[in-house]
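1. only geometry, no sequence info:
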C-alpha cells in the first residue's frame, strides 16, 4: 500500500464504488481513469496502468488518462506521485506523441 496516510478499509470501499460505476458505464474514459487512480492508491500499478490505457484508447485527448498513465509508469508512484517527477513524465509522454 502507498504510504499516503490512507485507510485501507476506506480505499477498498471507494474502489468498490468506482468499480461499480465503471461497470455500469464501461465506455466512460473518466470513470476508467478514476478506477485507475483508486488502483494506484492501493499500489496495484499494473491494474491501474491497464485502466488508464483503456481510458486513453477511448479518448486520446483525455489529460486524466494521459497523466494517470504517466503516474503509473513513473517511479514516483511509491512516494504518492511527487510532483516534479510526475510532471516530467507527463511532458515525456506528450513529446513521445509528437
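-> Looks like it came in fine. Computed from a predicted structure; not experimentally measured.
2. let's verify residue 61: helix, strand, or coil?
-> Of the three states, residue 61 takes coil under DSSP: H, G, I helix; E, B strand; the rest coil.
3. what's the answer for residue 54, then?
-> Under three-state DSSP, residue 54 falls in the helix class.
4. these two touch, right, it and residue 32?
-> Yes. Using C-beta atoms under 8 Å, residue 54 is in contact with residue 32, at 5.3 Å. All C-beta spots, glycine's among them, are computed from the backbone N, C-alpha and C.
5. more neighbours, those two?
-> In terms of neighbours (other C-beta atoms under 10 Å), residue 32 is the more surrounded of residue 54 and residue 32; the figures are 28 against 18.
6. my read is that that one contacts residue 65, right?
-> Yes. Contact criterion C-beta under 8 Å: residue 32 and residue 65 qualify, at 7.3 Å.
7. okay, and the common contacts of those two?
-> Residues touching both residue 32 and residue 65 (C-beta atoms under 8 Å, 6 or more residues apart in numbering) are 52, 55, 58.
8. now the buried members of those.
-> Using 16 or more other C-beta atoms under 10 Å as the burial test, the shared contacts of residue 32 and residue 65 include 52, 55, 58 as buried.
9. what are the buried residues along the helix or strand containing residue 68?
-> Using DSSP states H and E, residue 68 sits in helix 63-73. Using 16+ other C-beta under 10 Å as the test for burial, helix 63-73 gives 64, 65, 66, 67, 68, 69, 70, 71, 72.
10. show me how far it is from its chain's centre.
-> With C-alpha atoms, centre = their mean, to the nearest Å as the basis, helix 63-73 stands 6 Å off its chain's centre.
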